[in-house]
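Undergrad: only geometry, no sequence info:
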């Protein structure tokens, strides 16, 4: 009596053999009826209870797939045999090898109706082509490279560079320092406990200016010039300036806090409503 | 000439120009192109042209996208079909030289087409090469198959299987060819 392992091994080999036979029929256009589908299916059935690991189940599925392809080919084969075009290939091959070249040609030309196609120049197309030629610029003119515009070397003033938006009005760090100072002043004027309500600081006359201030504030916080105090239950956010720049911020676990600065919020703030 | 007759005479000329002159890489004209150029009654124009060509031993031939010719083609099938002018009758073996074929090459083509038909429309290149090698010099066999592919008689897939292509479907009466070979 075979052990389970031996039986599994034999089963795998049998399935692989079925796959290979089916493949050879599919690829080499052999007669699909050379394969006994019933016997093969019985073999697949017989070994199916043995399979426990996914690899074996895949092999089983692959076998079924190839047997199914052969059944499909058998269907097509029967269909083709029933058509008027069916001829026994062996008989035809035999006939073809027996025929002489002349006989083959004589036969073929009786069933061959070559396509008639013309390629001819007409007077009208010649006239059109001549007109085109006359209007065509010489090749050295058409392919002439545009020389680069020569620009005299000169110097630009700082104001010109600011106007061209190459340089900002102020250096960014300078702008940030001024903004920090403004925050400290505002906290002194309007703040409580060394902090100010976020919207009371970023809010400005126009929405654009408000967005710009919110953008600058984000840098104040990121670079350690200030910090945020958030009270989720009260839905309140305060900004608190540091007295000195805190450079050891990067050592701490940093978190990103998104704050929406929408037009609606800005309008609410303008109307004095809580944001 | 009545206005209607003059209109059809003009359409007939236009159809002749479209069908005889090669406009694309492949010869022939698609149904939708004919409909666009000749109008919705282009089938009627083609029928008139076909009748006229009969006296010249030529015909208007339709090759549908699917291999089988539908009994009653739908307008969509006709739009996608390709229309050609082909020889109506037969040419003599001597005349085949005028079409630009050497007798050996044409015999090779005939054998290849017949063999592929007998194999349900596909055969491996190796099998066809072996068959051709029986009567053609070995060095020529592969070159010839490549030529048949280039001309559109055959097509080949990535697994070296050869199939009949558009030109065979347009030019060769497959059933007649098999019957003729078997009757030899």
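TA: Yep, it's here. This one's a predicted model, so the numbers in the text were calculated from it and none came from an experiment.
Undergrad: quick one, helices of the chain?
TA: Since you didn't name a chain, this refers to chain A. A:4-28, A:37-47, A:54-81, A:89-98, A:101-111, A:123-135, A:139-142, A:158-163, A:172-190, A:198-202, A:207-222, A:263-271 (DSSP state H).
Undergrad: you looked at the wrong chain, it should be chain B
TA: B:3-20, B:31-38, B:42-54, B:75-80, B:103-118, B:125-133, B:138-151, B:166-171, B:174-182.
Undergrad: the longest one vs helix B:31-38, what angle?
TA: If you take axes from the mean of the first three to the mean of the last three C-alpha atoms, to 10 degrees, helix B:3-20 sits at 140 degrees to helix B:31-38.
Undergrad: is any part of helix B:3-20 close to chain A?
TA: Yes - applying C-beta under 8 Å from any C-beta of the partner chain, one finds helix B:3-20 touching chain A at residue B:20. Yep, even glycine has a C-beta here, placed from its N, CA and C like the rest.
Undergrad: that helix: how far from the chain's middle?
TA: 23 Å (C-alpha atoms, centre = their mean, to the nearest Å).
Undergrad: how about residue A:44, what does it touch?
TA: The contact partners of residue A:44, by C-beta atoms under 8 Å, 6 or more residues apart in numbering or on different chains, come to A:15, A:18, A:60, A:63, A:64, A:67.
Undergrad: how about 6 Å then?
TA: For residue A:44, the contact set (C-beta atoms under 6 Å, 6 or more residues apart in numbering or on different chains) comprises residue A:63.
Undergrad: what do you get for residue A:207?
TA: Taking C-beta under 6 Å, 6+ apart, one finds A:263, A:266 in contact with residue A:207.
Undergrad: isn't residue B:99 right up against residue A:114?
TA: Yes - assessed by C-beta atoms under 6 Å, residue B:99 is found in contact with residue A:114 at 5.4 Å.
Undergrad: looking at the two, which is more packed in?
TA: residue A:114 (20 against 13; other C-beta atoms under 10 Å in any protein chain shown).
Undergrad: where does residue A:83 land on pLDDT?
TA: pLDDT for residue A:83: 64.
Undergrad: interface residues of chain A facing chain B?
TA: Contact residues, chain A versus chain B (C-beta under 6 Å from any C-beta of the partner chain): A:29, A:80, A:85, A:87, A:89, A:92, A:95-96, A:101, A:104-119.
Undergrad: kindly write the ChimeraX command that selects the buried subset of those residues.
TA: Buried members of those, defined by 16 or more other C-beta atoms under 10 Å in any protein chain shown, are picked up in ChimeraX with:
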select /A:29,87,89,92,95,96,101,104,105,106,107,108,109,110,111,112,113,114,115,116,117
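Undergrad: in chain A, what helix or strand scores lowest on average pLDDT?
TA: helix A:158-163 (a mean of 69; mean pLDDT, DSSP states H and E).
Undergrad: circling back: weakest of the helices of chain A by average pLDDT?
TA: Looking at the helices of chain A, the bottom one is helix A:158-163 with a mean of 69.
Undergrad: domain parsing for the chain?
TA: The chain I'm using is chain A. A:1-113, A:172-271 (automatic domain parsing).
Undergrad: chain B, not that one
TA: If you go by automatic domain parsing, chain B breaks into B:3-87, B:95-182.
Undergrad: just send these back as JSON lines, with mean pLDDT too.
TA: Below are the domains of chain B laid out as JSON lines (pLDDT from 0 to 100):
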{"stretch": "domain B:3-87", "mean pLDDT": "89"}
{"stretch": "domain B:95-182", "mean pLDDT": "88"}
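Undergrad: which of those domains is buried the deepest?
TA: Of the domains of chain B, the one with the most neighbours on average (mean count of other C-beta atoms under 10 Å in any protein chain shown) is domain B:95-182, at a mean of 17.
Undergrad: next, see if that domain gets close to chain A.
TA: Yes - legend: contact between domain B:95-182 and chain A by C-beta under 6 Å from any C-beta is shown at B:96, B:99, B:103, B:106-107, B:110-111, B:118-120, B:170-173, B:175-178, B:180-181.
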